[in-house]
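# Fold the following, please.
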Amino acid sequence: MINKKRVVPQLRFRGFTDDWEQRKFSWMLDVDDGIRRGPFGSALKKSLFVPESPYAVYEQQNAIYDRYDTRYNISEKTFHELSKFEIRPGDFIMSGSGTIGRISRVPEGIKTGVFNQALIRFKIDDNKMDAEYFLQLIRSPQMQRRLTGANPGSAITNLVPMSEVKKWKLFVPTKAEQKQIARSLTLLDDAIALHQRKHELLLKLKQAYLQKLFPKYGNKIPELRFAGFTDDWEQRKLGEIAIRVRGNDGRMNLPTLTISAGNGWMDQRDRFSQNIAGKEQKNYTLLRQGELSYNHGNSKLAQFGAVFELESYNEALVPRVYHSFSVTADAQPKFIEQMFATHRPDRELRKLVSSGARMDGLLNINYDDFMGIKVWLPSMAEQQAIAGLLVKLDNTIALHQERLDQLKQLKKAYLQKLFV
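Numbering: from 1, shown residues only. You can find the predicted model right below:
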């Protein structure tokens, strides 16, 4: 006698022991209108931009960002002509082009409207399928790979035709188990959203402090000061409080780092999945803890480059093309880093850029010119007070980011193990 192999997920909730049943994807859908792709643009363009119309057009961005603000309206006549493409609360819309496979459940209270050709609408049979379970199922890595037809690690994705999707065979649990799985994943989603909001608020708070703790252009004092500090800040050239750092002592087994405008110092293996220094590493700069580097590369976050202090390593090798330096007793390294984070020096750096970025992405700013920019400095005590506050805030932001990453990894693991 051959024992039938049981079909169950790796992880189950207590009380559920039945095998999951194999069903076609179409089984879970509304029999009348389960899957529908939006109409081609030509059917909508003739009626777009109708002012004050009560009928909207929903787009790819609504599925991707799970928001239901709209950009375009259509006339009542066009809406009725395209009524089979209307979306209603409880429907699901999935992005079908560009960033594909993102899915959202349509909430109550949306503006009456239709979806365009970048979206695919699902209607499910509520008697067979729990709505939250369906949402989590489509978001699971297994289903995302099937929908996009992509191999793991592939940068190219193409949405699988919906006619094929209908025929797919899936293993489905009882409605009760669906609800339990969905409940647990929804609670995790809520925790992720909460930490995401806290993280975003902390980032905004940091930006607010950066703007108020450093003087605005043309001023000698900042808007916000610690008690006991009243003196004007002093204008200096960066080169007056900096000492150039270059060369190395031949040790090539030190950590090899690179600067990310968003993350600061990163090991090249973490940033690029490998050490990209190659033979050039022998020319890298030996940087010690407390010293700084200016990566004069152009990026979205730092149009005129970024400065970071080396903190997490005693010593490291950094690209020679960076302008590396230590500071004198008149300056505090972390204060200098935070000063550059305000982007106040950008006004000076902009003057030095003669012809934009080079082919390697670096701005045409040499070391001597960089050292010639003007900066404003308070007393050492005030520098330390400002840097201390911002460091505490950075540490809190990092803790929330770490917790957020952990929750996202936990969600990913659950999605892998709670579905067959």
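
# lowest-pLDDT helix or strand in this structure?
When the helices and strands of the chain are scored by mean pLDDT, DSSP states H and E, helix 42-45 comes last with a mean of 67.

# Report the next helix or strand after that helix in sequence order.
Moving toward the C-terminus from helix 42-45, the next helix or strand (DSSP states H and E) is strand 55-58.

# what is the mean pLDDT for that following strand?
Mean per-residue pLDDT for strand 55-58: 93.

# quick one: the helices in the protein?
42-45, 60-65, 76-81, 131-139, 141-148, 162-165, 175-212, 268-272, 333-341, 346-352, 367-371, 380-418 (DSSP state H).

# Turn the ones you listed into TSV, columns for mean neighbour count and distance to Glu309.
The C-beta positions use only the backbone N, C-alpha and C, and glycine is treated the same way. Below are the helices of the chain laid out as TSV (neighbours: other CB atoms under 10 Å; distance: least, CB to CB, whole Å):
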stretch	mean neighbour count	distance to Glu309
helix 42-45	14	53
helix 60-65	21	36
helix 76-81	15	59
helix 131-139	20	40
helix 141-148	16	38
helix 162-165	14	52
helix 175-212	15	16
helix 268-272	14	18
helix 333-341	22	4
helix 346-352	15	18
helix 367-371	17	16
helix 380-418	15	10
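
# Let's have the ones you listed in JSON lines, adding distance to Gln281.
Listed next are the helices of the chain as JSON lines, based on distance: least, CB to CB, whole Å:
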{"stretch": "helix 42-45", "distance to Gln281": "56"}
{"stretch": "helix 60-65", "distance to Gln281": "41"}
{"stretch": "helix 76-81", "distance to Gln281": "63"}
{"stretch": "helix 131-139", "distance to Gln281": "42"}
{"stretch": "helix 141-148", "distance to Gln281": "37"}
{"stretch": "helix 162-165", "distance to Gln281": "50"}
{"stretch": "helix 175-212", "distance to Gln281": "34"}
{"stretch": "helix 268-272", "distance to Gln281": "10"}
{"stretch": "helix 333-341", "distance to Gln281": "25"}
{"stretch": "helix 346-352", "distance to Gln281": "28"}
{"stretch": "helix 367-371", "distance to Gln281": "20"}
{"stretch": "helix 380-418", "distance to Gln281": "28"}
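
# What distance do you get for Asp369 to Ser53?
Distance, Asp369 to Ser53, using CB to CB, to the nearest Å: 56 Å.

# I figured Ile103 hits Asp91, correct?
No: contact between Ile103 and Asp91 fails when scored by CB atoms under 8 Å: they sit 10.8 Å apart.

# The two: which is more packed in?
Using other CB atoms under 10 Å, the more surrounded residue of Ile103 and Asp91 is Ile103, with 23 against 20.

# Return the residues in contact with that one.
Ile103 makes contact with 63, 92-95, 122, 135, 138-139, according to CB atoms under 8 Å, 6 or more residues apart in numbering.

# any idea how far it lies from Leu362?
41 Å.

# go on, Gly247?
20 Å.

# same thing with Ile373?
With CB to CB as the criterion, Ile373 and Leu362 are 17 Å apart.

# Gly228: which of the helices of the chain is closest?
helix 380-418 (8.4 Å; CB to CB).

# quick one: average confidence on that closest one?
95.

# name the helices or strands packed onto that helix?
The contact analysis (3 or more CB pairs under 8 Å, 6 or more residues apart in numbering; DSSP states H and E) places helix 380-418 against helix 141-148, helix 175-212, helix 333-341.

# Can I get those helices in TSV including mean pLDDT and distance to Ile243?
As requested, these are arranged in TSV below (pLDDT from 0 to 100; distance: least, CB to CB, whole Å):
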stretch	mean pLDDT	distance to Ile243
helix 141-148	87	51
helix 175-212	96	26
helix 333-341	97	12
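
# Before I go, just wanted to say thanks for your time.
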